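A.B. asks: sequence? don't have it. structure:
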DNA sequence: TGAAACCTTCACATCAGTGAGAAGGCAAGC
DNA sequence: GCTTGCCTTCTCACTGATGTGAAGGTTTCA
């Protein structure tokens, strides 16, 4: 698909999709006329990038871990091209992500408890 | 305590502590000589601010939710000064934080699964 | 008395994202 | 063919948020 359709289907402006390509997060093919050509999977990939950016990860980190985040039905990179540094990097990022989750969880719980205390009628709405 | 001690105990540079005050996240008292004077609780508060910033929340959001995140042993603001907009804001932020947690959790699981597949010996280290 | 810690302020750095201009590709309709 | 309209291309410059560096001055403390 072309950039306009990907933008409509993801809600991400074309300007940003080009920016993510510049940041090496997306790698669309090019048609003969120079137009970008995205595979179907780009829809999910863009949503994933958005979610990770919203969660405070930098484009550099995302660039590093993206190859290992493919859906189960996709092919992972061959373990051959996995260096020790790469696994170390992944482990480090995993720890940092876990720390974020813990921090967000703690504070989310505090907010929910507070809401439950002052407005018990809406308390249990979220999972 | 003064800013230097708070900096040592949190690992956050004094420059940043002053910045957080400028952003209305910290409100130290002032001694007669103009020096900032932080209560003991500021140590936890600074760590909380750091964690939330690292997790992608903006200073504006943090400024909004901080009053409701105090430790159990602290006093919550009186429900009297809770407007409908405030609870709505808190509920909205709670949802967004939950979305972040979900996104990070999904991707963390993917990384862990990948690591487990290529280097099973280190697989179950993290919780 | 001199170093270390503190104060304010201005300017700069980085990162993620945006606006806008100028130009090319392409299909529909005159 | 030729215009109209929309989509695409690239590039330059800019914004806003978070954070830093450094100058120049005051206070504390050994």
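C.D. replies: Alright, I've got the coordinates. It should be emphasised that the depicted structure is a prediction, and the values quoted were computed from it without experimental measurement.

A.B. asks: now residue A:65, nearest residue through space, not along the chain?
C.D. replies: residue A:93 (5.6 Å; Cβ to Cβ, 6 or more residues apart in numbering or on different chains). Any C-beta I mention is one placed from the backbone N, CA and C, and that applies to glycine too.

A.B. asks: And DNA strand D, is the helix or strand residue A:5 falls within touching that?
C.D. replies: Taking DSSP states H and E as the criterion, the element that holds residue A:5 is helix A:3-10. Yes: counting by Cβ under 7 Å from any atom of the strand, DNA strand D has neighbours in helix A:3-10: A:3-5, A:7.

A.B. asks: Which among the residues you listed count as buried?
C.D. replies: A:3, A:7 (16 or more other Cβ atoms under 10 Å in any protein chain shown).

A.B. asks: pLDDT and distance to DNA strand C for the residues of helix A:3-10 next to DNA strand D - can I get that in a markdown table?
C.D. replies: Below are the residues of helix A:3-10 next to DNA strand D laid out as a markdown table (pLDDT from 0 to 100; distance: Cβ to the nearest atom of the strand, whole Å):
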| residue | pLDDT | distance to DNA strand C |
| --- | --- | --- |
| A:3 | 97 | 11 |
| A:4 | 97 | 11 |
| A:5 | 97 | 14 |
| A:7 | 97 | 11 |
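
A.B. asks: and of the residues of helix A:3-10 next to DNA strand D, the nearest to chain B?
C.D. replies: Checking the residues of helix A:3-10 next to DNA strand D against chain B with Cβ to the nearest Cβ, the nearest one is residue A:7 at 20.5 Å.

A.B. asks: circling back to that earlier point, so the residue nearest to residue A:65 versus residue B:37, what's the distance?
C.D. replies: Residue A:93 is 38 Å from residue B:37, where distance means Cβ to Cβ, to the nearest Å.

A.B. asks: do residue A:43 as well
C.D. replies: For residue A:43, the distance to residue B:37 - Cβ to Cβ - is 53 Å.

A.B. asks: Neighbour count: the two, which is higher?
C.D. replies: Shown here are residue A:43 and residue B:37; by other Cβ atoms under 10 Å in any protein chain shown, residue A:43 has more neighbours (16 against 13).

A.B. asks: Hmm, the more buried one is touching residue A:6, no?
C.D. replies: Yes: applying Cβ atoms under 8 Å, one finds residue A:43 in contact with residue A:6, separated by 6.7 Å.

A.B. asks: Chain A: strands as residue ranges?
C.D. replies: A:29-30, A:36-37 (DSSP state E).

A.B. asks: Buried deepest among those strands, which one?
C.D. replies: Mean neighbour count (mean count of other Cβ atoms under 10 Å in any protein chain shown) peaks for strand A:36-37 among these, with a mean of 16.

A.B. asks: Low-confidence stretches in chain A?
C.D. replies: A:71-82, A:121-127 (pLDDT under 70).
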